[in-house]
Every structure is written in C-alpha cells, then in structure tokens.
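> sharing a model that was predicted from the sequence below.
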Amino acid sequence: LTYHQDINGSYERIAGLTDTTGQILGLMPHPEAALESSLHPEGFQQDPHLPLKLFKNAVQFAQENL
C-alpha cells in the first residue's frame, strides 16, 4: 500500500507491508488509533466496534492456525 503524498515520512511512501504468505503484517498508520473517537473528524459516524475487527481477525486466525 502506498500513498500518493508522503504523509508520514516513510520510505517510498509505504504505509503497509506483508510477507509473501500475507500472514505477517506491518502498518505505519497505527490502526489502533481508530479506537480513539477523539481522533475522528467532527461528525464522523461509524460502528464503534469496527476498528477492533483487524485485531479480532488476527486473534481468530492465530487460534485456528497456530
């Protein structure tokens, strides 16, 4: 994943990496920040549990496959 603009100072504007299996993930944008509603734009509405989906999916995958 790359951005068009260099918004976070990462090399080559890279925001995320995975290994060839897709099982190892590294993200520059800190997805856990989405859990903090004060960081959302004013008037932004979303399911409050949606940001947890990434983490719940990771736990579920580990429990079923490791």
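Nice, thanks for sending it over. Just so it is clear, the model here is predicted, and its values are computed rather than measured. Residues are numbered from 1 along each chain as shown.
> just name the shakiest helix or strand of this protein by mean pLDDT.
Between all helices and strands in the chain, the lowest mean by mean pLDDT, DSSP states H and E belongs to strand 25-27, at a mean of 83.
> so which elements touch it?
strand 16-18 (3 or more Cβ pairs under 8 Å, 6 or more residues apart in numbering; DSSP states H and E). Placement of C-beta: from N, CA and C, glycine included.
> circling back to that earlier point, got a list of contacts for the least confident helix or strand of the chain?
Here strand 25-27 makes contact (Cβ atoms under 8 Å, 6 or more residues apart in numbering) with 15-18.
> which of those residues sits closest to Leu66?
For the contacts of strand 25-27, the residue nearest Leu66 by Cβ to Cβ is Thr18; the value is 16.9 Å.
> so where's the protein shaky on pLDDT?
For the chain, the stretches flagged by pLDDT under 70 are 1-3.
> quick check, central residue of it?
Centroid-nearest residue in the chain: Pro31, 3.6 Å away (criterion: Cα atoms, centre = their mean).
> skipping adjacent residues, who's closest to that one in space?
Leu54 (5.3 Å; Cβ to Cβ, 6 or more residues apart in numbering).
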